[in-house]
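A.B. asks: Here is my input; please provide its structure:
(one chain, ligands or ions: 2)
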Amino acid sequence: MADQAVPPKAEVVKNATNLRELSLSGHVGFDSLPEQLVNKSITQGFAFNILCVGETGLGKSTLMDTLFNTQFDSTPSTHFIREVGVKAHTYDLQESSVRLKLTVVDSVGFADQINKDNSVAPIVEYIDKQYEAYLQSLDLVTMKKLDSKVNIIPVVAKSDTITKAELQRFKAKIMSELAQNGVQIYYFPTDDETVSSLNQDMNGHLPFAVVGSTDEVKVGNKMMKARQYPWGTVQVENENHCDFVKLREMLLRTNMQDLIDTTHKKHYELYRRVRLSDMGFTDSDGKTLQETYELKREAHVSEMQSKEEEMRQMFVQRVKEKETELKEAERELHNKFDSLKRQHADDRKRLEDSKKQLEMEMTEFQKKKAFADQQHSSSTTTLSKHKKGK
Ligand code: GTP
Ligand code: MG
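C.D. replies: Numbers count the residues shown, from 1 in each chain. Ligands and ions are numbered 1, 2, ... in the order given. Sure thing, here's the model as predicted:
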């Protein structure tokens with residue numbers, strides 16, 4: 001803003017969500033965001049997410065620190081991480097009256113898995129080859145996978161390690177490789193006339209060649225962020241030295257709101273549609289989501305009802321079968337009992353018959369015995385009379 005010669009010092013916002021708080025050590029530039037969306041932004045604040053992907057040691061953390069003029073949490077990774085991981089850190093920053101909830105997502109272990117034999121080759125001679133191999137490997141594949149999900153802004157990291165002439169060739173090569181492979185990068189929008197010519201110009205500078213550093217070096221009588229070498233100093237914020245300022249301008253000043261909107265309207269919307277259609281909801285048949293949901297719900301309810309009915313009938317059927325089984329068993333038991341009873345009665349009758357028979361035989365025997373006894377005693381008497389008579 002014209003009347004603010006000295007930018008206000010950044011402050012830390014206290015908030016209830018336990019976010020880590022950081023003090024900005026200098027002016028970053030996102031206090032100009034209200035120019036994009038004035039009142040809403042001031043009351044609600046901004047939320048902005050940056051995913052920084054690149055191989056281990058590329059300079060990701062340094063670039064984020066340089067961009068936001070602060071020191072984020074970051075522990076450098078080793079090259080021995082087996083899998084690529086992501087670490088998300090959320091910070092609440094404030095510059096003048098504008099709050100920014102910033103999430104920086106860093107990748108670890110990226111590109112450490114590929115064989116990089118070429119990297120030992122003499123840099124100048126093999127630089128194109130290496131860049132080619134580098135382009136053909138993970139970066140393109142990654143960008144291709146991510147381009148429908150996020151806004152991709154390609155950058156060339158550590159651009160102080162490449163000569164200006166090589167850098168121009170490398171940039172052109174990256175852009176043609178991206179186009180050839182159908183990678184959709186984010187282009188700064190040119191439909192808003194207040195920023196269209198600036199954005200158009202900036203699109204021509206993609207990918208931005210950046211240098212990151214949080215070291216302050218004295219240049220002339222000013223302290224500035226720079227990387228110092230025996231042969232001189234590379235100034236991070238000098239547009240003749242690198243595109244860092246362009247990146248910061250585009251990302252944080254001019255197009256942050258468009259980046260946020262594009263993420264919501266294009267990427268999230270696509271994700272949402274795909275997820276919904278995975279779940280069987282399509283908005284292609286002209287129905288609103290509510291109607292589709294109602295239809296699905298009705299279908300589900302009637303399916304449940306018919307399942308319930310089916311189960312009820314199966315239960316009744318099973319009860320009937322069990323009942324028949326039990327009845328059968330009962331009848332068998334009765335039959336068995338009856339036949340045992342009959343057998344028992346038969347046996348008893350047989351026994352009684354033979355008892356009667358025996359009793360009759362016994363009576364007969366008694367009679368015969370009595371008769372025999374009688375016979376015996378009368379013959380004895382006759383015999384003794386005879387003896388007496390002699
Ligand atoms: P990991 O988190 O381990 O994956 O690394 P990183 O990508 O976050 O890299 P980091 O920012 O830790 O930087 C790695 C090394 O590269 C450090 O020694 C930095 O000082 C150096 N470095 C960072 N940015 C630049 C740059 O623009 N130019 C040069 N020459 N070196 C840089
Ligand atoms: Mg890091």
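A.B. asks: okay, CA-based contacts and neighbour counts for the rest of this
C.D. replies: Will do.
A.B. asks: Okay, now the unreliable bits of the chain?
C.D. replies: For the chain, applying pLDDT under 70 flags the ranges 1-47, 73-88, 95-98, 105-136, 138, 281-289, 386-390.
A.B. asks: can you pull out the helices in it?
C.D. replies: Secondary structure of the chain (DSSP state H): helices located at 38-44, 60-68, 123-134, 140-146, 164-180, 193-203, 244-248, 256-262, 269-278, 289-389.
A.B. asks: Of those, which is nearest ligand 2?
C.D. replies: helix 60-68 (4.1 Å; C-alpha to the ion).
A.B. asks: one step back: so which of the helices of the chain gets nearest L93?
C.D. replies: Closest to L93 of the helices of the chain is helix 60-68 (C-alpha to C-alpha; 9.4 Å).
A.B. asks: Distance from the chain centre to the closest one, please.
C.D. replies: Distance of helix 60-68 from the chain centroid (C-alpha atoms, centre = their mean, to the nearest Å) equals 29 Å.
A.B. asks: helices or strands up against it?
C.D. replies: strand 98-108 (3 or more C-alpha pairs under 8 Å, 6 or more residues apart in numbering; DSSP states H and E).
A.B. asks: circling back: just send the helices of the chain back as JSON lines, with mean neighbour count and distance to ligand 1 too.
C.D. replies: Shown next, in JSON lines, are those (neighbours: other C-alpha atoms under 10 Å; distance: least, C-alpha to the nearest ligand atom, whole Å):
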{"stretch": "helix 38-44", "mean neighbour count": "13", "distance to ligand 1": "31"}
{"stretch": "helix 60-68", "mean neighbour count": "21", "distance to ligand 1": "4"}
{"stretch": "helix 123-134", "mean neighbour count": "15", "distance to ligand 1": "14"}
{"stretch": "helix 140-146", "mean neighbour count": "16", "distance to ligand 1": "16"}
{"stretch": "helix 164-180", "mean neighbour count": "15", "distance to ligand 1": "14"}
{"stretch": "helix 193-203", "mean neighbour count": "15", "distance to ligand 1": "20"}
{"stretch": "helix 244-248", "mean neighbour count": "20", "distance to ligand 1": "10"}
{"stretch": "helix 256-262", "mean neighbour count": "18", "distance to ligand 1": "23"}
{"stretch": "helix 269-278", "mean neighbour count": "13", "distance to ligand 1": "28"}
{"stretch": "helix 289-389", "mean neighbour count": "12", "distance to ligand 1": "43"}
